[in-house]
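Enquirer: Predicted structure and sequence below. I'll ask about it afterward.
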Amino acid sequence: MKKIISLALGVCIWIFQNTGQAAAYWMVKAEWHFAALDTNKVYQGRGLSQEQALRDARNRCILHQTGPWTGYCRTAPARVDYTEVEDCGTLWSGWKEMHRGVGNPCPPDCFRGARITRQMRSGGQPPRPQHRELVQCWRKR
C-alpha cells in the first residue's frame, strides 16, 4: 500500500512540475546526395532528440525512395541542419475557396508546420467548394 501511495504522489508531483510547459522537439533538415541521379534531396524529421529527428528524416527518405535508391538513405547525410522548437499547438485556418492558399493561422511568434487534416464544404452564393486546414504550429527556441 505504501508503494502505491508513494507512486501516486510521485506522479502528482511530476504532473505539477510539468504543467504549462510546452513540449520541446528537435527538427532536422537532412540532405542526401543521390550519385546515380546527380542530385540532392532534402527530408525533414522530428524527435525528442537530435538522433530521433535524424532517424525520422532517414525513415521518410527510405519510404519515399524505391528499389536501389533506398541504399542512399542509409548513408550519412551530406548536410544536416538542426533546430530546437517547441509546440505552439494546432490551429484551424479560415475557410477558403479551393485552390487558394490558407495562409498561416499560427500565432505571430510561431511558424506553420505540417498539415494534419483538411475539411471541405460547399459555401457562398452560388455554392462553391471551400476548404480549411488543421496545421501544427512551432516556435523556435
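Expert: Ah, there it is. What you are looking at is a predicted structure, and each value in this text was computed from that prediction instead of being measured. Residues are numbered from 1 along each chain as shown.
Enquirer: Helix or strand next in line after the lowest-mean-pLDDT helix or strand in the chain, which one?
Expert: Sorting the helices and strands of the chain by mean pLDDT, DSSP states H and E puts helix 2-18 at the bottom, at a mean of 42. Moving toward the C-terminus from helix 2-18, the next helix or strand (DSSP states H and E) is strand 24-34.
Enquirer: Can you name the next helix or strand after that following strand?
Expert: strand 39-47.
Enquirer: Test for you: state the pLDDT assigned to F34.
Expert: We have a pLDDT of 83 for F34.
Enquirer: Please, which helix or strand holds the residue nearest to it when sequence neighbours are not counted?
Expert: Among residues not flanking F34 along the chain, Y72 sits closest, at 5.1 Å (CB to CB, 6 or more residues apart in numbering). Just so you know, the C-beta spots here come from the backbone N, C-alpha and C atoms, and that holds for glycine as well. Using DSSP H and E, Y72 sits within helix 70-73.
Enquirer: Parallel or antiparallel, which strands does the next helix or strand after that helix pair with?
Expert: Downstream of helix 70-73, the first helix or strand assigned by DSSP H and E is strand 79-92. Paired neighbours of strand 79-92 in the sheet (DSSP bridges): strand 24-34 (antiparallel), strand 128-140 (antiparallel).
Enquirer: These into a markdown table, with extra columns for mean neighbour count?
Expert: Shown next, in a markdown table, are the strands paired with strand 79-92 (neighbours: other CB atoms under 10 Å):
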| stretch | mean neighbour count |
| --- | --- |
| strand 24-34 | 18 |
| strand 128-140 | 16 |
